[in-house]
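[1] Quick one, fold the following:
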Amino acid sequence: MGEVLSQAQIDALLNNLTGPGDGGNQGDDPSHKAKERRYDFSTPKLFTKERIKLLDSIYTDYARIISSHLSTILRLACDVELVDVEEQKYGEFHNALGDNDILSMLDISLGGNSYEGNPALMKMSNSVVYLMIDRLMGGSGDTDPNVEEEAYTDIELALYESIVLHITPLMNDVWGNYLDANFNFSKVEVNPRLMQLMGMDDVVVILLFNINIKDVNGNISLCLPGSTLETMCKAFESNIYSSTKRRETQSEQTAESIFTALTGSMLEIKVELSEAEVMLSDIYYMQVGDIINLNKPKDSDAVIYVENQPWFSGELGVENKNLAIRINAPVSNS
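    Here you go, the predicted model:
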């Protein structure tokens, strides 16, 4: 008869089973719980991993550039790092906005075509914004933590706009390696919760940057509209395809032109039946009608040389009463 478990042993087993499939005593440790993310199968992702990787590459360069640019403007060490690129619905971005947040609207144009109806949106942490404003006004950058609860004054908004005007054109530089895309500062919106630029279910891509200036750590969020970004990605993929086809065509034309130029070249062709070694005395006494043994059957193939390189093997014969050779097979030069 098997051993009967006590109530304490049963409770211990149940506690171990509460972990998310880690199979052991880690069930009560929250650090071992799997990170879960909801996925809506009714609205599949619009952007592939390749497109997300492209945006990651572009805006990693952008983060590096604005780090140097802000350090120069503020005369403080500034570190900006891209930490996340995620596709989501505009409603999620909109609901995360605070009452005192301000948004910068950036008009996007691609190849001369403007997409003013779907601007990009940029939001900075208020703590970072106030530090920047303090430095621009000649301060040390030490800000009051309670100042975030206050509304921005007109002077502060003007200084904030000047910061955005400095860092927005830098996007054109990083996009210039891929597309003729331009981002232009449009205006600042102080009541973002009342602004309805897109539908709550519209797809957007959110890029999250971590920014660290002095002892202040904050973030920059960039919201790119999905419809405009889809057009930009298709234009980039089309450019890649066109450039690839153009390179292939140029390569084919180059190879054809080289071959055409070489077709008129004169090459020496000779045929070798066989080789034989004879004594010098035999050659001295050699006369017409003498026979030299080549140690090779009479029906054997001869070797055809092109510029002293063996290329083919062939069979000797006669063509229109002229001695000729018929090519049978190529010869390996290895």
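[2] Residue 277 versus the residue sitting furthest away from the middle of the chain, what's the distance?
    The C-alpha centroid of the chain is most remote from residue 285, which lies 79.8 Å away (C-alpha atoms, centre = their mean). As judged by C-beta to C-beta, to the nearest Å, residue 285 and residue 277 stand 16 Å apart. The way it works is simple: take the backbone N, C-alpha and C, and place the C-beta from them, glycine included.
[3] just residue 98 next, same as before
    Separation of residue 98 from residue 277 (C-beta to C-beta): 99 Å.
[4] Out of these two, name the residue with the larger neighbour count.
    Ranked by neighbour count (other C-beta atoms under 10 Å), residue 98 and residue 277 place residue 98 first, with 12 against 5.
[5] Count the neighbours of the closest residue to that one other than its chain neighbours for me.
    Once flanking residues are discounted, residue 98 sits nearest to residue 126: 8.0 Å by C-beta to C-beta, 6 or more residues apart in numbering. Look at residue 126: counted by other C-beta under 10 Å, it has 19 neighbours.
[6] May I have the distance across stretch 130-142, first residue to last?
    From its first residue to its last, stretch 130-142 covers 9 Å (C-alpha to C-alpha, to the nearest Å).
[7] Run through who's touching that stretch.
    With contact meaning C-beta atoms under 8 Å, 6 or more residues apart in numbering, stretch 130-142 is reached by 70, 73-76, 143, 147-148, 156, 159-160, 162-163, 213-214, 216.
[8] Quick one: the helices in this structure, in order.
    With helices called from DSSP state H, the chain shows them at 7-16, 49-74, 90-95, 126-136, 154-167, 169-175, 226-262, 280-284.
[9] Return the most buried member of these.
    Compared across those, helix 126-136 shows the largest average neighbour count, a mean of 21 (mean count of other C-beta atoms under 10 Å).
[10] Give me the residue at the spatial middle of the chain.
    For the chain, by C-alpha atoms, centre = their mean, the most central residue is residue 54; offset 4.3 Å.
[11] give me the low-pLDDT residue ranges for the stretch 151-300 of the chain?
    For the stretch 151-300 of the chain, the stretches with pLDDT under 70 are 239-253.
[12] Now for residue 121: which residues touch it?
    So residue 121 contacts 93, 103, 104, 105, 106, 192, 197, 222, 223 (C-beta under 8 Å, 6+ apart).
[13] Count the neighbours of residue 318 for me.
    Residues lying near residue 318 (other C-beta under 10 Å) number 8.
[14] Find me the pLDDT at the residue nearest to it when sequence neighbours are not counted, would you?
    Leaving aside its sequence neighbours, residue 318 sits nearest to residue 324 (C-beta to C-beta, 6+ apart; 6.3 Å). Looking at residue 324, its pLDDT stands at 88.
[15] same deal with the one 4 residues further on?
    Reading off the confidence values, residue 328 has pLDDT 88.
[16] The one 4 residues further on too?
    In the predicted model, residue 332 carries a pLDDT score of 77.
[17] what separates it from residue 51, distance-wise?
    When residue 332 is compared with residue 51 (using C-beta to C-beta), they lie 48 Å apart.
[18] And residue 255, by the same measure?
    Residue 255 is 34 Å from residue 51, by C-beta to C-beta.
[19] picking that back up, mind putting the helices of the chain in JSON lines, distance to residue 272 included?
    Below are the helices of the chain laid out as JSON lines (distance: least, C-beta to C-beta, whole Å):
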{"stretch": "helix 7-16", "distance to residue 272": "85"}
{"stretch": "helix 49-74", "distance to residue 272": "58"}
{"stretch": "helix 90-95", "distance to residue 272": "80"}
{"stretch": "helix 126-136", "distance to residue 272": "84"}
{"stretch": "helix 154-167", "distance to residue 272": "76"}
{"stretch": "helix 169-175", "distance to residue 272": "65"}
{"stretch": "helix 226-262", "distance to residue 272": "25"}
{"stretch": "helix 280-284", "distance to residue 272": "19"}
